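Asker: quick check, what structure comes out for this input:
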Amino acid sequence: MKKYFLLAISTLLLWRCENNTDLSNDIFFEEYYVRYLETEKELKAYATFLEGDSIQNAKPKIFFGGVAFQNSGMEVRNLPKGVVKYSITNNNVSYNSPFRFRYRNEEGQAVEERLNMKPLGDFFVKDQISLSKGMTLVINNGSLSEDEQLILLFSDEKNRAFSIPIMGPSDQIEYVFTSDQIKNLSEGKGQLYVVKKQSKVKEDNNRSISSNVEFYSKTLEIYIEK
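Answerer: Here you go, the predicted model:
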């Protein structure tokens with residue numbers, strides 16, 4: 001009898017270990033997004049959470065205590081396929097990095113994720129934009145880390161849009177473009193604004209964290225010469 005009792009206990013312990021192992025193998029997928037519009041002074045953020053052994057099998061994770069952004073509670077929205085999004089929009093606010101997301105895990109521990117990206121400063125065209133000579137653009141706070149990029153977005157008198165990407169890393173604030181790089185622009189008046197983006201992916205124990213921050217500058221009136 002004692003032999004069968006020990007065998008039953010061993011089987012039970014093995015079963016519990018196997019099940020605990022399965023749980024510990026689950027990955028917690030966290031996605032964070034922040035967007036700031038400088039002209040409108042609008043700050044928008046959202047976060048989504050999934051849990052499972054893979055992103056394909058992961059299911060939405062809901063925190064009964066909610067999720068906070070910059071010390072304010074985020075709204076819960078139900079999306080297709082059962083995805084739950086925590087979101088918030090703040091108007092007439094300044095760009096105030098770092099951006100902090102907070103929640104409490106199942107153990108009741110406070111977890112904070114910080115997104116930190118410097119905003120763009122003022123920018124201007126040095127001399128002029130010339131289709132034959134090119135362009136030099138000076139962007140204060142225009143340096144980039146390896147996970148950051150700039151996107152220059154042009155529009156001309158014919159309402160045609162044109163973009164030029166600048167990939168980090170870069171320690172400069174003055175960017176020179178050849179005539180060939182801006183050849184798609186048309187002579188005359190136009191507009192230019194700059195988007196700065198930061199994209200990161202990192203692993204922290206069983207957490208898989210992806211984040212994106214975007215800063216949309218004010219619009220600069222420009223003139224394109226021959």
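
Asker: which strand residues bridge Gly134?
Answerer: With DSSP bridges as the criterion, Gly134 is bridged to Ser130.

Asker: give the contact list for it.
Answerer: By CB atoms under 8 Å, 6 or more residues apart in numbering, the contact set of Gly134 is Val176, Phe177, Thr178, Ser179, Gln181, Ile182. Where C-beta positions appear, they are placed from N, C-alpha and C, glycine not excepted.

Asker: at 6 Å what do you get?
Answerer: By CB atoms under 6 Å, 6 or more residues apart in numbering, the contact set of Gly134 is Phe177, Thr178, Ser179.

Asker: just the C-alpha atoms of the top strand by length along the chain, please, in PDB.
Answerer: Counting residues, the longest strand in the chain under DSSP state E turns out to be strand 188-204. Extracted in PDB, the C-alpha atoms of strand 188-204 (Å, rounded to 0.1, in the frame of the first residue of the first chain):
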ATOM      1  CA  GLY A 188       7.000  77.000 -56.400                       C
ATOM      2  CA  LYS A 189       5.500  77.200 -52.900                       C
ATOM      3  CA  GLY A 190       5.200  74.100 -50.700                       C
ATOM      4  CA  GLN A 191       5.100  72.800 -47.200                       C
ATOM      5  CA  LEU A 192       7.400  70.500 -45.100                       C
ATOM      6  CA  TYR A 193       6.900  68.800 -41.800                       C
ATOM      7  CA  VAL A 194       9.100  66.200 -40.100                       C
ATOM      8  CA  VAL A 195       8.100  63.000 -38.300                       C
ATOM      9  CA  LYS A 196      10.500  61.500 -35.800                       C
ATOM     10  CA  LYS A 197       9.900  57.900 -35.000                       C
ATOM     11  CA  GLN A 198      11.400  55.500 -32.400                       C
ATOM     12  CA  SER A 199      10.800  51.700 -32.600                       C
ATOM     13  CA  LYS A 200      12.100  49.300 -30.000                       C
ATOM     14  CA  VAL A 201      11.700  45.600 -29.200                       C
ATOM     15  CA  LYS A 202      13.100  44.000 -26.100                       C
ATOM     16  CA  GLU A 203      12.800  40.800 -24.100                       C
ATOM     17  CA  ASP A 204      12.600  40.800 -20.200                       C
END
